[in-house]
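Peer 1: Sequence plus the predicted model coming up.
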Amino acid sequence: MGIKSRARSIHLMTQTFFTSDEHYGHLNILKYSNRPFSSIDEHDEFLIKNHNSIVSSNDRVIHAGDFTLSKKPIAQSYISQLNGKHTFIRGSHDYWLGKNHPIQILDMSINKQNIIICHYCLRTWPRSHYNSWHLYGHSHGRLEPIGKSWDIGVDNNNFFPVSFEYIKLIMLNRPNNPNLIKK
């Protein structure tokens with residue numbers, strides 16, 4: 001009598017996280033955004049620790065611009081310290097991505113929820129009239145969101161990336177988009 005073995009496929013639940021405006025290695029960001037760190041090294045270590053405390057190696061991370069002002073090898077060294085699979089949207093300081101980096105606005109869907117991600121806050125965005133979400137950075141927590149929009153920058157989120165599930169909870173309490181078509 002033989003023993004039959006059956007291969008099991010284990011589905012690891014991955015999450016999607018969003019973040020922006022990390023400004024790794026950018027000394028002036030401490031003053032510009034009044035970040036509470038005594039040095040840029042302390043800043044960078046803190047952001048990396050926070051990131052890795054909630055993001056696993058299988059998770060997806062969307063960075064909506066201003067990851068670093070540094071050159072590509074230094075940017076790669078920061079990326080290598082961060083958990084997750086990374087997608088980068090060009091911001092105002094992402095010279096390391098090169099001039100031909102095509103992603104400036106990311107249009108995606110998670111669990112049938114349309115999400116538009118851009119470094120800059122938009123007043124209207126694709127499918128905003130159907131209550132799609134807009135996630136943005138650049139404003140460092142200083143710009144009030146409208147409708148189903150949210151600043152995903154680290155300054156606005158206690159220096160952590162934010163998960164899709166967390167954004168979902170935020171959006172439950174946000175008003176409808178101003179241009180919503182009511183059915």
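Peer 2: Nice, I can see it.
Peer 1: Just the pLDDT at the nearest residue to Lys72 once chain neighbours are set aside, thanks.
Peer 2: Of all residues not flanking Lys72 in the chain, Trp96 sits nearest, at 4.6 Å (CB to CB, 6 or more residues apart in numbering). Placement of C-beta: from N, CA and C, glycine included. On pLDDT, Trp96 comes in at 94.
Peer 1: cool, and Leu12?
Peer 2: The per-residue confidence score, pLDDT, reads 52 for Leu12.
Peer 1: where in this protein is pLDDT low?
Peer 2: For the chain, applying pLDDT under 70 flags the ranges 1-12.
Peer 1: what does the longest helix anywhere in it rub up against?
Peer 2: The residue-count maximum for a helix in the chain (DSSP state H) belongs to helix 40-54. Here helix 40-54 makes contact (CB atoms under 8 Å, 6 or more residues apart in numbering) with 17, 19, 22, 24-27, 29-30, 35, 37, 61, 78, 81-84, 154, 158-161, 163.
Peer 1: With stretch 77-85 instead?
Peer 2: In contact with stretch 77-85 (CB under 8 Å, 6+ apart) are residues 17, 24-25, 44, 48, 51-52, 55-61, 67-68, 70, 86.
Peer 1: Next: stretch 159-173.
Peer 2: Against stretch 159-173 from outside (CB under 8 Å, 6+ apart): 15-19, 46-47, 50-51, 54-55, 61, 110-111, 113, 133, 135, 148, 150, 152, 154.
Peer 1: picking that back up, narrow the contacts of stretch 77-85 to those that are buried.
Peer 2: Buried members of the contacts of stretch 77-85, scored by 16 or more other CB atoms under 10 Å, are 17, 24-25, 44, 48, 51, 55, 59-61, 67-68, 70, 86.
Peer 1: In helices, which of the residues you listed fall?
Peer 2: Per DSSP H, these map to helices at 44, 48, 51.
Peer 1: And the first one, how close does it get to Phe67?
Peer 2: Distance, Asp44 to Phe67, by CB to CB, to the nearest Å: 12 Å.
Peer 1: same thing with the second one?
Peer 2: Using CB to CB, one gets 12 Å for the distance from Ile48 to Phe67.
Peer 1: Could you do the last one as well?
Peer 2: Distance, His51 to Phe67, using CB to CB: 11 Å.
Peer 1: Look up phi and psi at Ile117.
Peer 2: phi -120, psi 130 (degrees, to the nearest 10).
Peer 1: Just give me the neighbour total for it.
Peer 2: Residues within reach of Ile117, counting by other CB atoms under 10 Å, total 24.
Peer 1: go on, Ile103?
Peer 2: Count around Ile103 with other CB under 10 Å applied: 15.
Peer 1: okay, now the residue nearest to it when sequence neighbours are not counted: neighbour count?
Peer 2: Spatial nearest neighbour of Ile103, excluding adjacent residues (CB to CB, 6+ apart): Ile89 at 5.1 Å. Neighbours of Ile89 under the rule other CB under 10 Å: 25.
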